[in-house]
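Undergrad: Structure for this input, please:
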Amino acid sequence: MERVEVRKVKKEIPVETIPGMNCTSIRLFGRLRAECLPELKALVKESARGVVVEMDEVTLVDVDVVRFLKDCEAQGVQLRRCSAYIREWITRERETAT
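TA: Model prediction:
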């Protein structure tokens, strides 16, 4: 049975981490802002195996979070169930960076 760990990022945003055989899933919820990034970066970094970020419960992000997600993808992190507006924003950030 998988162990699910629920944390609070910046006291108001719950995050679930689910270690699996080949990867760790990190499920994000709610509104994500720049002040959450140090803890989110630490979560991704401490997951030594592949990382999957589940985003179906994310409702709002700011530009710093979008840039973080873009960088995560560039490093091989999978973003799953990312809303269309966030996906489009990540794509635009990627295009303007080149």
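Undergrad: Can you give me the neighbour number for W89?
TA: 19 (other Cβ atoms under 10 Å). The way it works is simple: take the backbone N, C-alpha and C, and place the C-beta from them, glycine included.
Undergrad: Model confidence score at it, please.
TA: Per-residue confidence (pLDDT) for W89: 97.
Undergrad: now do V6
TA: 53.
Undergrad: Adjacent strands (with direction) for the strand or helix carrying F29?
TA: Take DSSP states H and E as the rule and F29 turns out to sit in strand 23-32. Applying DSSP bridges, strand 23-32 is found paired with strand 13-19 (antiparallel), strand 50-61 (parallel).
Undergrad: Same list, these, but as CSV with mean pLDDT please.
TA: As requested, the strands paired with strand 23-32 are exported to CSV (pLDDT from 0 to 100):
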stretch, mean pLDDT
strand 13-19, 81
strand 50-61, 94
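Undergrad: Mean neighbour count and distance to E73 for the ones you listed - can I get that in CSV?
TA: What follows is the strands paired with strand 23-32, written out as CSV (neighbours: other Cβ atoms under 10 Å; distance: least, Cβ to Cβ, whole Å):
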stretch, mean neighbour count, distance to E73
strand 13-19, 16, 18
strand 50-61, 17, 9
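Undergrad: Give me the neighbour count for R31.
TA: The tally of other residues near R31 (other Cβ under 10 Å) stands at 14.
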